[in-house]
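A.B. asks: Predicted model follows, preceded by the sequence.
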Amino acid sequence: MVERWVAIIVLGSAWLSGCASAGLFSQGENAAYSFWNNSDEDVEKVEIAGIYQARKKYLISSSIAKAAGWNTRWFVGGSQYMSDTGHRVPEEVEVSWRKMPLPGGKPYMGEPMGPYHVKVRSRIPQEALKLASRDGYSLGIEFSVGKAPVLLCWGVVGDKSDKRGRSTIMAGGQCNPDDVAWRSDIDWRKPRVWFPEKP
């Protein structure tokens, strides 16, 4: 009898573990955060902090961002957070950076810019957030740095991929669709594929 109960407990634990890894009981969202320098000058000490109930946690940070150098629009990569950790896309983030120091100045001690408060969650459709909570999908969120205002772009990618990488199912935000028109996996003519916002 004891052996039977042990077997049931073991099988139950394995099932629960499998469900958890499959994201069935997940309350979070798969999300990746990155940025690009939207200015003509290099900047240092880029920090993007998610605001969670009066405490801060860096979603992404970088020592330097080259001028117009990080302009991926892949919606993957960067700092990645998985749904089974309970991560949720924050309501708001703080974005800050420093200008390059004057000649002879100490690194990372240039003029501070920000922090700029940027609304995030309310600007992403519920359909995209629901997809991000499922296995096989991820929500990529990108912020601009280097000059104000800070722009926000987002895209949902799925498992299906083409020669360039994972396919984007929907995208939106403040980026110009021309910035990513080379993407072969996005049909910009489809309604609701792009949700443009004015800066």
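C.D. replies: Everything's here; your move. Since this is a predicted model, take the numbers as computed values, not measurements. Residues are numbered from 1 along each chain as shown.
A.B. asks: Show me what whichever strand or helix holds residue 58 is packed up against.
C.D. replies: Using DSSP states H and E, the element containing residue 58 is strand 55-65. Counting contacts by 3 or more Cβ pairs under 8 Å, 6 or more residues apart in numbering; DSSP states H and E, strand 55-65 is packed against strand 31-37, strand 43-52, strand 79-81, strand 92-99. Yep, even glycine has a C-beta here, placed from its N, CA and C like the rest.
A.B. asks: Deepest-packed of these, please.
C.D. replies: Across those, the average number of neighbours (mean count of other Cβ atoms under 10 Å) peaks for strand 31-37, which reaches a mean of 24.
A.B. asks: who does the strand holding residue 58 pair up with?
C.D. replies: Using DSSP bridges, strand 55-65 pairs in its sheet with strand 43-52 (antiparallel).
A.B. asks: List the buried residues in stretch 127-139.
C.D. replies: Buried residues in stretch 127-139, counted by 16 or more other Cβ atoms under 10 Å: 128, 129, 131, 132, 133, 134, 137, 138, 139.
A.B. asks: Who are the contact partners of the fourth one?
C.D. replies: In this case it means residue 132. Taking Cβ atoms under 8 Å, 6 or more residues apart in numbering as the contact definition, residue 132 lies against 29, 30, 31, 83, 89, 138, 139, 156.
A.B. asks: all helices for this structure, in order.
C.D. replies: The residue ranges that make up the helices of the chain, judged by DSSP state H, are 2-22, 126-132.
A.B. asks: Quick one: residues contacting the nearest residue to residue 60 once chain neighbours are set aside.
C.D. replies: What sits nearest to residue 60 in space, not counting adjacent residues and going by Cβ to Cβ, 6 or more residues apart in numbering, is residue 79, at 4.2 Å. If you count contacts by Cβ under 8 Å, 6+ apart, residue 79 has them with 32, 33, 34, 59, 60.
A.B. asks: How many residues are close by the fourth one?
C.D. replies: When counting by other Cβ atoms under 10 Å, one arrives at 27 neighbours for residue 59.
A.B. asks: correct me, but it touches residue 49?
C.D. replies: Yes: counting by Cβ atoms under 8 Å, residue 59 does reach residue 49; the two are 6.7 Å apart.
A.B. asks: between the two, what contacts are shared?
C.D. replies: Residues touching both residue 59 and residue 49 comprise residue 93, with contact defined as Cβ under 8 Å, 6+ apart.
A.B. asks: In the protein, where is pLDDT below threshold?
C.D. replies: Along the chain, the model assigns pLDDT under 70 to residues 1-26, 52-56, 68-77, 160-166, 175-199.
A.B. asks: change it to 90
C.D. replies: Applying pLDDT under 90 to the chain flags the ranges 1-27, 34-40, 50-87, 104-105, 107-108, 125, 127, 135-136, 153-199.
A.B. asks: Great, nothing more from me.
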